[in-house]
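Visitor: 3D model of this:
(one chain, ligands or ions: 1)
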Amino acid sequence: MINTIPEVKRKFDVEVVRNDFPILKRQINGKQLVYLDNAATTQKPQTVIDALTHYYTYDNANIHRGLYFLSEFATEQYENARLKVKEFINALSASEIIFVKGATEAINLVATSLCRNNFFNEGDEIIVSNMEHHANIVPWQLMSDRKNVKLKVIPINDNGELNIDAFISLISEKTKIVSVVHISNALGTVNPIKKIIEIAHSYNIPVLIDGAQAIPHVKVDVQELDADFYVFSGHKVFGPTGIGVLYGKTEYLEMMPPYQGGGDMIRTVTFEKTTFDDIPKKFEAGTPNIAGGIGLGASIDYLNQFDRDELKKYEDNLLKYATEQLSAVDGLRIIGTAKEKSSVISFIIEGIHPYDIGTIIDTDGIAIRTGHHCAQPVMRRFNVPATARASLCFYNTKEEIDKLVVGLNKVKKMFA
Ligand SMILES: Cc1ncc(COP(=O)(O)O)c(C=O)c1O
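Guide: Numbers count the residues shown, from 1 in each chain. Prediction:
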C-alpha cells in the first residue's frame, strides 16, 4: 500500500521545518551552519534518515527473488517507492519509472541504449543547450564517438535565457533527439520546457528533460509536459545519494535494449541466447539500491505533506531577497539574470577569485559552491573561469542571506 497523500496539508513555517533537518543545527568552525549549497545536494529530513535506519535495522533482505517474509516485505517497500515516484511526477504507469543511480546514470542509460538500438544513423544530430550540466553533454559525446552523431547547441543570451528562434533553426531532418535542462544549476534559469517539447514534437522529435534541479523546487507532471524522458537524482530532492529516476514513455522504453546485463533483468538465459524481462526490470540489472529507493519514497512523503505552491512562493521570495541583497555588494556581478529563475545565484566579485570567497566564508560556517559547477560551456559563454554560487531551499532564511552578505563584505575588506 502506498502512503496516501494527506488532504490537509501541513502549514509551512520555516522555523518549524528547520527542526525536521537535524544537520541544520550543526556548528561549523564554532559557528551555526549556513547551508547554501542545495543545488549540489539537499539535506535530509529526520523521516528520510529514519526510513533508511529502519530498513537496515529491521527489514533488510534482497528483493524480487526471495519467497520468505523479509524478502517479500522489502520488495513491497521498494515497489511502493516506485509507485510514489509515479504519482509524484504523474507518470502513466509505474513501469515507466526506472530506478538508477542518479540523473547522470539516467542520461547515460538513454544515450547508450538508443545507440545500441540503431536509433542514430551516421551524421544524425542531437540538440542540447549552452547551459547543460556535463551530465547532459558527455554521455551524448561518448555515444556520438561511436556513431558520428553531432551535438547542436541552443545559444543563450546575456541574461542566461535560451534563444528559442535559434532552437527552431537548429532543427533539421537529421535531428534525432532534443535533450535540455529544466532548471540550470549554474544560472538558475527556468527553461520553457513545455514550449520546447511542443516545438520538437511538431517535428516528431523526442525530448529528454534533465530535471535534476527542478524536481525539488517545482511540481512536475510528465504527462502534462508530454516529456518523452525526464530524469532526476534522489539526493537533490531530500532523499539519499545513489538513487535516481529515469522516467520514459512506454513506447520508448519498450523499443530500447537493456543498458546493463545481469540478474533480475532476464526471462531466460542459455549460453546461446537471453530473453529479457519487461520494463522496468529490463533496465535494472543486479541488486538495486533498495534502501535508496525506500529513502526516496520517504523524501516524497515528506514533500507531499506540504502545499508545493506554498514552498515555491517562499523560495521565490527568498531568491528575490537574496538577489537584492547580493546586488548591493559593491563589485558583485550576478551571472544569470533570466526573468524566470529558481533558487540559484551565481556571482563573481571583481578582483577576487571565487575559491577565495568560498574558503573565507567557510570559516564563518557558510557553505556555498565555487567552481565551474560541472557546466564549463556556461562559464565560457560568460567569459568567467568560475563563479561562486549560493543555492537556496525552503529551509533557508533571510537571516542566512544576511550572514552571507556580511561574509562577502568581510572577504572584500580582506582583499581591499
Ligand atoms: C542540472 C543537473 N543535471 C545533472 C546533474 C547530475 O546529477 P547527479 O550527479 O546526481 O547524477 C546535476 C548535478 O548537479 C545537475 O545540476
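
Visitor: quick check: residues of the stretch 151-300 of the chain near the ligand?
Guide: Neighbours of the ligand within the stretch 151-300 of the chain, by C-beta under 6 Å from any ligand atom: V181, N185, D210, A212, Q213, S233. Quick note: C-beta positions are derived from backbone N, CA and C, even for glycine.

Visitor: in a strand, R333, correct?
Guide: Yes. Counting by DSSP: H, G, I helix; E, B strand; the rest coil, R333 is part of a strand.

Visitor: need the per-residue pLDDT for M1.
Guide: M1 is assigned a pLDDT of 50 by the prediction.

Visitor: got it, and the one 5 residues further on?
Guide: Confidence per residue is given as pLDDT, and for P6 that number is 79.

Visitor: could you measure it against the ligand, distance?
Guide: According to C-beta to the nearest ligand atom, to the nearest Å, P6 and the ligand sit 28 Å apart.

Visitor: quick one: contacts for the nearest residue to that residue once chain neighbours are set aside?
Guide: In this structure, P6 finds its nearest non-sequential neighbour in Q305, 6.1 Å apart by C-beta to C-beta, 6 or more residues apart in numbering. Residues near Q305 by C-beta atoms under 8 Å, 6 or more residues apart in numbering: P6, K9, R10.

Visitor: returning to that earlier point: got TSV for the residues of the stretch 151-300 of the chain next to the ligand, with neighbour count too?
Guide: Listed next are these as TSV, based on neighbours: other C-beta atoms under 10 Å:
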residue	neighbour count
V181	29
N185	27
D210	29
A212	27
Q213	28
S233	29
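
Visitor: can you add distance to Y355 and secondary structure and give these back as CSV?
Guide: Formatted as CSV, those follow (distance: C-beta to C-beta, whole Å; DSSP: H, G, I helix; E, B strand; the rest coil):
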residue, distance to Y355, secondary structure
V181, 25, strand
N185, 18, coil
D210, 27, strand
A212, 24, coil
Q213, 23, coil
S233, 25, strand
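
Visitor: nearest to T387 among these?
Guide: Of all those, N185 has the smallest distance to T387: 11.2 Å, by C-beta to C-beta.

Visitor: pretty sure that closest one contacts A212?
Guide: Yes. Assessed by C-beta atoms under 8 Å, N185 is found in contact with A212 at 7.0 Å.

Visitor: whether the helix or strand of the chain with the lowest mean pLDDT contacts the ligand - can you check?
Guide: The helix or strand of the chain with the lowest confidence, counting by mean pLDDT, DSSP states H and E, is helix 138-147 at a mean of 88. No. No part of helix 138-147 sits close enough to the ligand to count as contact by C-beta under 6 Å from any ligand atom; the gap is at least 10.4 Å.

Visitor: how about that helix: buried residues?
Guide: By neighbour count on 16 or more other C-beta atoms under 10 Å, the buried set for helix 138-147 is V138, P139, W140, M143, S144, K147.

Visitor: JSON lines please, covering the contacts of Q305 and showing secondary structure and neighbour count.
Guide: Listed next are the contacts of Q305 as JSON lines, based on DSSP: H, G, I helix; E, B strand; the rest coil; neighbours: other C-beta atoms under 10 Å:
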{"residue": "P6", "secondary structure": "coil", "neighbour count": "11"}
{"residue": "K9", "secondary structure": "coil", "neighbour count": "14"}
{"residue": "R10", "secondary structure": "coil", "neighbour count": "14"}
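
Visitor: show me the strands in the stretch 301-416 of the chain, by range?
Guide: Along the stretch 301-416 of the chain, the segments classed as strands by DSSP state E, counting those that start in this stretch run 332-335, 344-349, 366-367, 369-371, 387-391.

Visitor: not counting sequence-adjacent ones, nearest residue to E224?
Guide: Once flanking residues are discounted, E224 sits nearest to N90: 7.1 Å by C-beta to C-beta, 6+ apart.

Visitor: and that neighbour, how close does it get to Y230?
Guide: Distance, N90 to Y230, by C-beta to C-beta, to the nearest Å: 10 Å.

Visitor: more neighbours: which of these two?
Guide: Between N90 and Y230, counting by other C-beta atoms under 10 Å, Y230 is the more crowded of the two (28 against 14).

Visitor: dump the residue contacts of that one.
Guide: Neighbour list for Y230: I89, L208, I209, G211, V220, V222, V245, Y247 [criterion: C-beta under 8 Å, 6+ apart].

Visitor: what residues of stretch 150-159 count as buried?
Guide: Buried, per 16+ other C-beta under 10 Å, within stretch 150-159: K152, V153, I154, I156.

Visitor: where does pLDDT dip in the protein?
Guide: Applying pLDDT under 70 to the chain flags the ranges 1-4.

Visitor: that older thread, now, the contacts of Y230 that are in strands?
Guide: Taking DSSP state E as the definition of strands, the contacts of Y230 contribute L208, I209, V245, Y247.

Visitor: just flag the most distant two among the residues you listed.
Guide: Greatest spatial distance in the ones in strands among the contacts of Y230: L208 and V245, 12.8 Å, computed using C-beta to C-beta.

Visitor: shared neighbours, those two?
Guide: The contact sets of L208 and V245 overlap at Y230, V231 (C-beta under 8 Å, 6+ apart).

Visitor: brilliant, that's me finished.
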